[in-house]
Structure formats: C-alpha cells, structure tokens
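1. The following block contains a protein sequence and its predicted model.
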Amino acid sequence: MSVARSDYQQVRAAQEQMDAERKDGIGQLMDTVLYTNGAFSYHDLLQMEPMEVEVLANKFTEKIERETSATQQRAGKKSVKL
C-alpha cells in the first residue's frame with residue numbers, strides 16, 4: 001500500500017470519527033432542548049461553552065431526580081437510588 005493511500009485512509013478514519021462525535025454532540029444538545037421543555041433553544045446552547053452545557057445538563061438531571069423522589073415519597077413509595 002502506498003504512503004498516500006495509507007495517509008488518505010487515516011485522514012478519512014479521523015474525519016468519520018469527528019463526524020460521529022459531532023452528531024453525538026448535536027444529539028445531546030437536542031436532548032437538552034427537549035428535556036428542558038424548550039427553556040433553552042438549540043441556538044442558546046450553541047452560544048454556551050461546553051462546560052456550561054455540561055453543568056446545565058447535570059443540574060437538570062439533579063432537578064428531575066429530586067422531583068421523582070418527592071413524587072415517590074408523596075405516593076408512599078420508598079425512594080431507591082440506583
């Protein structure tokens with residue numbers, strides 16, 4: 001195999017990996033839009049730093065967990081954390 005063909009294959013593999021990561025990132029942003037009931041738009045999230053989006057997602061997850069726990073306690077069920 002020639003060096004040029006080997007380099008092309010390496011570049012193409014890197015491009016495919018970057019495309020997959022980009023698609024995953026877009027999916028995570030869309031999930032955040034959906035799960036926050038539109039409190040943040042896709043464009044709002046694009047303007048945030050990645051760390052800000054991560055903190056937002058973590059805080060929203062904590063909020064949902066607290067709400068679920070409260071609902072279970074009100075229903076007389078024992079809250080179980082997995």
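-> Arrived safely.
2. Now do residue 17: how many residues are near it, please.
-> 10 (other C-beta atoms under 10 Å). Bear in mind the C-beta positions are built from the backbone N, C-alpha and C, glycine included.
3. Repeat that for residue 8.
-> 11.
4. center of the chain, which residue is that?
-> What sits nearest the mean C-alpha location of the chain, by C-alpha atoms, centre = their mean, is residue 28, with 3.0 Å.
5. after the helix ranked longest in the chain, next one along is what?
-> Assignment by DSSP state H gives helix 3-35 as the longest helix of the chain. Downstream of helix 3-35, the first helix or strand assigned by DSSP states H and E is helix 42-47.
6. got the buried residues for that next one?
-> residue 45 (16 or more other C-beta atoms under 10 Å).
7. follow-up on the earlier one: any idea how far the residue nearest to the centre of the chain lies from residue 19?
-> According to C-beta to C-beta, to the nearest Å, residue 28 stands 15 Å off from residue 19.
8. and if you look at residue 42?
-> 19 Å.
9. swap in residue 43?
-> Counting by C-beta to C-beta - residue 43 and residue 19 are separated by 22 Å.
10. Residue 53 too?
-> Taken as C-beta to C-beta, the span from residue 53 to residue 19 is 20 Å.
11. Could you check which of the two has the larger neighbour count?
-> Set residue 53 next to residue 19 and count neighbours by other C-beta under 10 Å: residue 53 wins out with 19 against 10.
12. The residue nearest to the more buried one when sequence neighbours are not counted: what's it in contact with?
-> Computed as C-beta to C-beta, 6 or more residues apart in numbering, the closest residue to residue 53 that is not its neighbour in sequence is residue 45, at 5.7 Å. Going by C-beta atoms under 8 Å, 6 or more residues apart in numbering, residue 45 touches 29, 32-33, 53, 56.
13. and those as CSV, adding distance to residue 13 and pLDDT?
-> Formatted as CSV, the contacts of residue 45 follow (distance: C-beta to C-beta, whole Å; pLDDT from 0 to 100):
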residue, distance to residue 13, pLDDT
29, 25, 91
32, 29, 88
33, 31, 90
53, 27, 89
56, 32, 91
